[in-house]
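Novice: only geometry, no sequence info:
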């Protein structure tokens, strides 16, 4: 009888430990943000819509911003993601439902990014975009070439290649700089002494060396008028 009592107590203790382990395991799982986020995406149409819209707006904003703006928004996004995770896991650890706060946090973040997107669109709409491929117009026929322009906001990247004369003297430029309305000032990334200015107008770009000898050899040039092709 005494031995039977000891066995019963031992079994009760084992059952209590197992129950505690299950409870602790359940709490650990419940406190995980990733699982909760995934479950809420599956169960809440509102949260799923907000999450999808947030991803779309964030990507669009990254496409519009210059590198400096992208870095600022990325840092802000990292801070928000950290706050979201910490807040939700704290609520779950205390046995509270986090659905309402998670939906609210996402809605507020979406509103913030949309506001930045609208402001960015307003700023960039006042700045013409001159991106495209331009071909050198040389009536003398001495030089031929093209210029590729890639613009994002007030930052501009230009690559120019010209071939001049019967001996095919080549002049190349690859650089970036800033754009102020219709004028760009650029420095070759491989030749810091080679600086050019470009004056843009409708479907045209006028290139000027500063100075001539620092960019091309004596028998080559990239100065002239370039016409937008596409």
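Specialist: Sure thing, it's come through. All values reported here derive from a predicted model rather than from experimental measurement.

Novice: quick one: the helices in the protein?
Specialist: Assigned by DSSP state H, the chain shows helices spanning 2-30, 33-43, 45-64, 67-93, 99-125.

Novice: dump these into CSV; add mean neighbour count and distance to residue 162 as well.
Specialist: Quick note: C-beta positions are derived from backbone N, CA and C, even for glycine. Formatted as CSV, the helices of the chain follow (neighbours: other C-beta atoms under 10 Å; distance: least, C-beta to C-beta, whole Å):
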stretch, mean neighbour count, distance to residue 162
helix 2-30, 10, 65
helix 33-43, 14, 55
helix 45-64, 14, 31
helix 67-93, 14, 29
helix 99-125, 15, 31
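
Novice: among those, which is nearest residue 195?
Specialist: Among those, the nearest to residue 195 by C-beta to C-beta is helix 67-93 (21.3 Å).

Novice: the closest one to helix 45-64, inter-axis angle?
Specialist: Relative orientation of helix 67-93 and helix 45-64, computed by axes from the mean of the first three to the mean of the last three C-alpha atoms, to 10 degrees: 160 degrees.

Novice: and for the spatially most central residue of the chain, nearest residue in space, chain neighbours not counted?
Specialist: In the chain, the centroid-proximal residue (C-alpha atoms, centre = their mean) is residue 62; its distance is 3.3 Å. Spatial nearest neighbour of residue 62, chain neighbours left out: residue 70 (5.6 Å); criterion: C-beta to C-beta, 6 or more residues apart in numbering.

Novice: same thing with residue 219?
Specialist: Per C-beta to C-beta, 6+ apart, closest to residue 219 is residue 169, 4.2 Å.

Novice: do you know the pLDDT at that neighbour?
Specialist: Note for residue 169: predicted pLDDT of 90.

Novice: so, low pLDDT: which residues of this structure?
Specialist: Counting by pLDDT under 70, the chain has low-confidence residues at 1-31, 121-127, 209-213.

Novice: again, only this time at 80
Specialist: 1-31, 64, 66-68, 119-128, 153, 180-181, 209-214, 217-218, 230 (pLDDT under 80).

Novice: right, and residue 158 touches residue 148 too?
Specialist: Yes. Here residue 158 lies in contact with residue 148, judged by C-beta atoms under 8 Å, at a distance of 7.1 Å.

Novice: of these two, which one has the most company?
Specialist: Between residue 158 and residue 148, counting by other C-beta atoms under 10 Å, residue 158 is the more crowded of the two (24 against 14).
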